[in-house]
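In: Predicted structure and sequence below. I'll ask about it afterward.
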Amino acid sequence: MEIIYRKRKMTYTKEEKQAYFKNLRESWKKSKALADNDQVAKAIYNEVGGNFSYYSFYFTLTEMKNLGYDGLPYIDCKTYKGWRDTGFVVRKGEQSKLNGITWLKVGDEEADETDYVMPKLYHLFHKSQVEELK
């Protein structure tokens, strides 16, 4: 899925939103199916550890490989804030080319019940796009 950056907030129809989330869920399912059979990726994930799921790790690892980026997810690619927190800054003009997916619980917070989970795409920057904070 190609992400288009815009300077103004866009409004989307209900059908466009449904298509977006359907596409996101399908991408996740494909990645998850591949991840279950990739023993090398499982071994790397176990070595790296972290507070992220194996499937999220694999989703981002696949994107990194497809774009020709070296390294490991969440070590060599982070969010804008993630790089700031580790003493780096994203170079001016750089745009995120990598994505990660997280799942948000949607439902009644007061009753502590979840009706369903919804995918949320977030953007990551590769180590080649950052420099040390001065």
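Out: Cool, got the structure. Numbers count the residues shown, from 1 in each chain.
In: tell me which residues in the worst-scoring helix or strand of the chain on mean pLDDT are buried?
Out: Among the helices and strands of the chain, strand 98-106 carries the lowest confidence by mean pLDDT, DSSP states H and E, at a mean of 88. Along strand 98-106, these residues count as buried under the neighbour rule (16 or more other CB atoms under 10 Å): Leu98, Asn99, Gly100, Ile101. Heads up, the C-betas are built off the backbone N, CA and C, glycines and all.
In: In CSV, list the C-alpha atoms belonging to the longest strand anywhere in the chain.
Out: Secondary structure of the chain per DSSP state E: the longest strand is strand 116-126. Taking only C-alpha atoms (Å, rounded to 0.1, in the frame of the first residue of the first chain), the coordinates of strand 116-126 have been written out as CSV:
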residue,chain,number,x,y,z
TYR,A,116,-13.2,-5.7,18.3
VAL,A,117,-9.6,-4.7,17.4
MET,A,118,-8.8,-2.3,14.7
PRO,A,119,-5.4,-2.1,12.8
LYS,A,120,-3.5,1.2,13.0
LEU,A,121,-0.6,1.9,10.6
TYR,A,122,2.4,3.8,12.0
HIS,A,123,5.4,5.2,10.2
LEU,A,124,9.0,4.3,10.7
PHE,A,125,12.3,5.9,9.6
HIS,A,126,15.4,3.8,8.7
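In: Can you name every helix or strand that it contacts?
Out: When contacts are defined as 3 or more CB pairs under 8 Å, 6 or more residues apart in numbering; DSSP states H and E, strand 116-126 packs onto helix 14-36, helix 54-67, strand 77-78, helix 80-85, strand 98-106.
In: quick one on the thing from earlier: quick one: which of the buried residues of strand 98-106 is nearest Ala35?
Out: Of all the buried residues of strand 98-106, the one with the least separation from Ala35 (CB to CB) is Ile101, at 12.3 Å.
In: Out of the helices and strands packed on strand 116-126, indicate the one that is most buried.
Out: Among the helices and strands packed on strand 116-126, ranked by average contacts under mean count of other CB atoms under 10 Å, first place goes to strand 77-78 (a mean of 26).
In: Tell me the gap between it and the middle of its chain.
Out: 9 Å (CA atoms, centre = their mean, to the nearest Å).
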